[in-house]
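S.K.: just to be clear, the model below is a prediction. Sequence and coordinates:
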Amino acid sequence: MTSSIRMICPNLKCRCVLSVPPQARGKTVRCRQCGMRIQVPAENGTPKPAAPAQVEAAKG
């Protein structure tokens with residue numbers, strides 16, 4: 001059984017709870033209440049952290 005993806009609209013005046021099908025992963029959906037376009041996460045869980053920035057050693 002595939003469960004739907006639950007998201008909260010990021011519009012602070014709306015904050016509607018959205019339930020989208022798993023097939024919507026990686027796509028943009030529209031909030032039914034306020035019409036804001038929202039990107040559905042592509043993968044389960046939390047987003048991967050960004051790669052650490054390369055820092056050059058200070059010469060002095």
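M.R.: Done, it's in.
S.K.: go ahead and confirm residue 9 touches residue 35.
M.R.: No - using CB atoms under 8 Å, residue 9 makes no contact with residue 35, being 9.8 Å away. Glycine gets a C-beta too; all of them are placed from N, C-alpha and C.
S.K.: tell me which of those two has more neighbours.
M.R.: Shown here are residue 9 and residue 35; by other CB atoms under 10 Å, residue 9 has more neighbours (20 against 10).
S.K.: and that one, what does it touch?
M.R.: 15-18, 31, 33-34, 36, 38 (CB atoms under 8 Å, 6 or more residues apart in numbering).
S.K.: dump those into TSV; add neighbour count as well.
M.R.: Listed next are the contacts of residue 9 as TSV, based on neighbours: other CB atoms under 10 Å:
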residue	neighbour count
15	12
16	13
17	9
18	19
31	18
33	14
34	12
36	14
38	17
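S.K.: JSON lines for those, including pLDDT and secondary structure?
M.R.: Output for these, formatted as JSON lines (pLDDT from 0 to 100; DSSP: H, G, I helix; E, B strand; the rest coil):
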{"residue": "15", "pLDDT": "96", "secondary structure": "coil"}
{"residue": "16", "pLDDT": "96", "secondary structure": "coil"}
{"residue": "17", "pLDDT": "96", "secondary structure": "strand"}
{"residue": "18", "pLDDT": "95", "secondary structure": "strand"}
{"residue": "31", "pLDDT": "96", "secondary structure": "coil"}
{"residue": "33", "pLDDT": "96", "secondary structure": "coil"}
{"residue": "34", "pLDDT": "96", "secondary structure": "coil"}
{"residue": "36", "pLDDT": "96", "secondary structure": "coil"}
{"residue": "38", "pLDDT": "95", "secondary structure": "strand"}
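S.K.: just those residues now: which is nearest residue 4?
M.R.: residue 18 (9.2 Å; CB to CB).
S.K.: who touches residue 15 in this structure?
M.R.: 8-9.
S.K.: got a pLDDT number for residue 47?
M.R.: For residue 47, the pLDDT comes out at 51.
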